[in-house]
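Colleague: Next come a sequence and a model predicted from it.
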Amino acid sequence: MTAWAAMSVSGDAERLAGDLVREAGDGPFEVMWVHHGDSVQVEVREKSDVEVPEPPTNAISWGVTFNGASRTRWARIDLPGGVGRTSDDWVGEPTHGPGWLGFLADASDLLAGTLDPDMVPAIIAQIVVPRLATWCAVYTMERRSGEVVPAYLWHADEAQLDTLREELAEIVMPPGEGPAVLHVGEWQALAFPLTARGRRLGVMCLGRSDRFPDEGMQLAEDLCRRAALAMDNARLYAQQAAANLALQRSLLPPEEPHTPGLDSHVIYEPAGETNEVGGDFYDLFPVGDGVWRFAIGDVCGTGPVAAAVTGLARHALRLLAREGYGVAAVVARLNQAILEEGDRARFLTLLHGEITRTEGGLDISLVSAGHPEALRLRPSGVVEAVASPQSLLGVFPEAEFHEESVRLESGDVLLGVTDGVTERRSGARLLDDDGGLAKLLAECVDLSARAVAERIRRACQDFAPEPSADDLAILVLRAP
């Protein structure tokens, strides 16, 4: 009923289906919905082993048909307006009547239900056919060439789609501002420009075998305006999402970190439908033979302002590390750089460290600047915090930072996460309440770095039924 823009009668349709289903026997049955232009037919198909039922309520017509050992009980219900015929018997009911107002409202809801630009043309065509026309072709405007190109074609009789497509290929869609009359084979067609916010986005072309009545043209024009606005909204949304994705990628390492001789894994998952930039980031890169630097951080907020701090932090960390600055010196200079950004700055939590491969394990020096504590897992299952909290960045000019040393013996695991993990919420509970993250890590003995990271990520997903509202980043190091 949603796809046919007929939600205003969906309650009656559901009750009608329920009446038929309640009469079904104990065996299996099928429920079919069939569109008839001005009505919808509900069919319940089953084996013929019970008597003919009483007529269901709300049906304008009903019946029972038999085919061999099967039986089909069916009933029809009127669609809103009652004028959606595509043959010569159009009944001209005013377009401002309550039925067609319901149709337009349902159509608007259906169009607003997607922000995928590729889906909007298909929805437009399937709303129109067969309620207003026998077929509908939707064209979209190429941004560079300014030409209209086919986007979606739908016909009430699918067997005629190929023929119709060939006939439309010979037609040049008019560039005019108002509806234009076309002749496509045996069809009379109307081409309506899809225009929203002063921008022409394409053409909606409707065809039928008889003349379009005035009421149908008025309704089509109204629907065309709504369709164009939905198309423009989807286009703008897609552009914003693409820009966010491109910017987000620019703020993360260009490729999966390659650390020969070191078992490591990182996971990053942005939150939100559009993956808004800003939030969490990570990095893991070599600075010498057998020496790497790592970072995992979280900028306050999202959006372009937060993204500026994210970009500053990641690039400054790499540059200063390769210039030979120690871990604490890098963090101190980054703190000063963020403060110098002035009002554009956002505070930043950061776990930054240097890894040196040694005989039998890894030596790590690190600074935890206002960040969720780093955890070490021993092969015995013991989990402990390994870095004391220091000042977060971008708040205190006088802040001083000092390195702490951590030794990872063979089989030891170091876990760093952002608060998208520790503060994952389910009702009033957080994942890290009562040491929840440490308990999860304790279950990861003998797992690889990848397996540990995936176990933590999966636990975050399963902790609450709703999607997370915060980005998350996970970095796992395991001594070979």
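Modeller: Arrived safely, thanks for sending.

Colleague: Distance from the one helix or strand Arg376 maps to to the middle of the chain?
Modeller: Using DSSP states H and E, Arg376 sits in strand 375-377. Distance of strand 375-377 from its chain centroid, counting by C-alpha atoms, centre = their mean, to the nearest Å, is 35 Å.

Colleague: What residue spans form the domains of this protein?
Modeller: 7-78, 98-245, 254-478 (automatic domain parsing).

Colleague: Now the weakest link among the ones you listed, please, by mean pLDDT.
Modeller: In terms of mean pLDDT, the lowest-scoring of the domains of the chain is domain 7-78 (a mean of 75).

Colleague: Work out the gap between that one and the centre of the chain.
Modeller: 36 Å.

Colleague: re earlier: including distance to Met1 and mean neighbour count, could the domains of the chain go into JSON lines?
Modeller: In this view, the C-beta of every residue, glycine as well, is placed from N, C-alpha and C. JSON lines is the format used below for the domains of the chain (distance: least, C-beta to C-beta, whole Å; neighbours: other C-beta atoms under 10 Å):
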{"stretch": "domain 7-78", "distance to Met1": "4", "mean neighbour count": "16"}
{"stretch": "domain 98-245", "distance to Met1": "8", "mean neighbour count": "18"}
{"stretch": "domain 254-478", "distance to Met1": "26", "mean neighbour count": "18"}
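
Colleague: other SSEs contacting the host helix or strand of Gly420?
Modeller: In the assignment (DSSP H and E), Gly420 maps to helix 419-422. In terms of contacts (3 or more C-beta pairs under 8 Å, 6 or more residues apart in numbering; DSSP states H and E), helix 419-422 is packed against helix 449-463, strand 472-478.

Colleague: and the shortest one, which strands flank it?
Modeller: For strand 472-478, the paired strands and their directions (DSSP bridges) read strand 263-269 (antiparallel), strand 413-417 (antiparallel).

Colleague: between the ones you listed, which one is nearest to Gly297?
Modeller: Comparison of these against Gly297 by C-beta to C-beta identifies strand 413-417 as nearest, at 9.8 Å.

Colleague: Now do the strand holding Arg376: which elements does it pack against?
Modeller: Counting by 3+ C-beta pairs under 8 Å, 6+ apart, strand 375-377 packs on strand 383-385, strand 413-417, helix 436-442.

Colleague: Between these, which one is closest to Ala469.
Modeller: strand 413-417 (16.1 Å).

Colleague: Okay, helices next: where are they in this protein?
Modeller: Using DSSP state H, the helices of the chain run over residues 10-22, 98-112, 120-128, 161-169, 214-250, 304-322, 327-339, 419-422, 436-442, 449-463.

Colleague: can you tell me which of these comes nearest to Glu43?
Modeller: Between those, helix 10-22 lies closest to Glu43; by C-beta to C-beta that is 8.0 Å.

Colleague: what's that closest one packed up against?
Modeller: strand 29-35, strand 39-47, strand 70-78.

Colleague: Apart from its chain neighbours, what residue comes closest to Gly261?
Modeller: Arg357 (5.6 Å; C-beta to C-beta, 6 or more residues apart in numbering).

Colleague: Let me know whether that neighbour touches Gly290 as I believe.
Modeller: Yes - using C-beta atoms under 8 Å, Arg357 makes contact with Gly290 at a distance of 4.2 Å.

Colleague: For those two, list the residues in contact with both.
Modeller: Gly261 (C-beta atoms under 8 Å, 6 or more residues apart in numbering).

Colleague: about what we covered before: any chance of TSV for the helices and strands packed on helix 419-422, columns distance to Ser426?
Modeller: Converted to TSV, the helices and strands packed on helix 419-422 look like this (distance: least, C-beta to C-beta, whole Å):
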stretch	distance to Ser426
helix 449-463	5
strand 472-478	15
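
Colleague: of the ones you listed, which approaches Asp106 most closely?
Modeller: Per C-beta to C-beta, nearest to Asp106 of the helices and strands packed on helix 419-422: helix 449-463, 34.8 Å.

Colleague: ok, now how distant is the closest residue to Asp412 other than its chain neighbours from Ser10?
Modeller: Of all residues not flanking Asp412 in the chain, Ala479 sits nearest, at 4.9 Å (C-beta to C-beta, 6+ apart). Ala479 sits 61 Å away from Ser10, going by C-beta to C-beta, to the nearest Å.

Colleague: repeat for Ala107
Modeller: Distance from Ala107 to Ser10, by C-beta to C-beta: 14 Å.

Colleague: again with Phe66
Modeller: Noted for Phe66: a distance of 30 Å to Ser10, by C-beta to C-beta.

Colleague: before we move on, what about Asn67?
Modeller: Taking C-beta to C-beta, one finds Asn67 at 29 Å from Ser10.

Colleague: Please apply the same query to Leu447.
Modeller: For Leu447, the distance to Ser10 - C-beta to C-beta - is 50 Å.

Colleague: one step back: which stretch among the helices and strands packed on helix 10-22 approaches Glu186 most closely?
Modeller: That would be strand 29-35 among those, by C-beta to C-beta, at 22.8 Å.

Colleague: For the closest residue in space to Leu375 that isn't next to it in sequence, give me its contacts.
Modeller: Ranked by C-beta to C-beta, 6+ apart and with sequence neighbours excluded, the top spatial neighbour of Leu375 is Leu415, at 4.7 Å. Leu415 is in contact with 374-377, 437, 441, 452, 456, 474-476, counting by C-beta under 8 Å, 6+ apart.

Colleague: And Ala449, by the same measure?
Modeller: 263-265, 413, 476-478.

Colleague: For Leu115, state which of these is nearest.
Modeller: Checking those one by one against Leu115 (C-beta to C-beta), the nearest turns out to be His265, at 33.0 Å.

Colleague: Is that closest one in contact with Ile456, as I believe?
Modeller: No - look at His265 against Ile456 with C-beta under 8 Å: they stay out of range, at 10.3 Å.

Colleague: what's the overlap in contacts for those two?
Modeller: With C-beta under 8 Å, 6+ apart as the test, His265 and Ile456 both reach 474, 476.

Colleague: which among the contacts of Ala449 gets closest to His36?
Modeller: The closest of these, once distances to His36 are taken by C-beta to C-beta, is His265, at 56.9 Å.

Colleague: Please tell me how far the closest one sits from Ala453.
Modeller: Relative to Ala453, and taking C-beta to C-beta, His265 is found at 4 Å.

Colleague: Out of the helices and strands packed on helix 10-22, which gets nearest to Gly427?
Modeller: strand 29-35 (37.7 Å).

Colleague: Alpha carbons only: can I get that closest one in CSV?
Modeller: Output in CSV follows, covering the C-alpha atoms of strand 29-35 (Å, rounded to 0.1, in the frame of the first residue of the first chain):
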residue,chain,number,x,y,z
PHE,A,29,-1.7,-20.5,2.2
GLU,A,30,-0.5,-17.5,0.2
VAL,A,31,-1.6,-13.9,0.4
MET,A,32,-1.3,-11.9,-2.8
TRP,A,33,-1.9,-8.2,-3.4
VAL,A,34,-2.9,-7.2,-7.0
HIS,A,35,-3.2,-3.6,-8.2
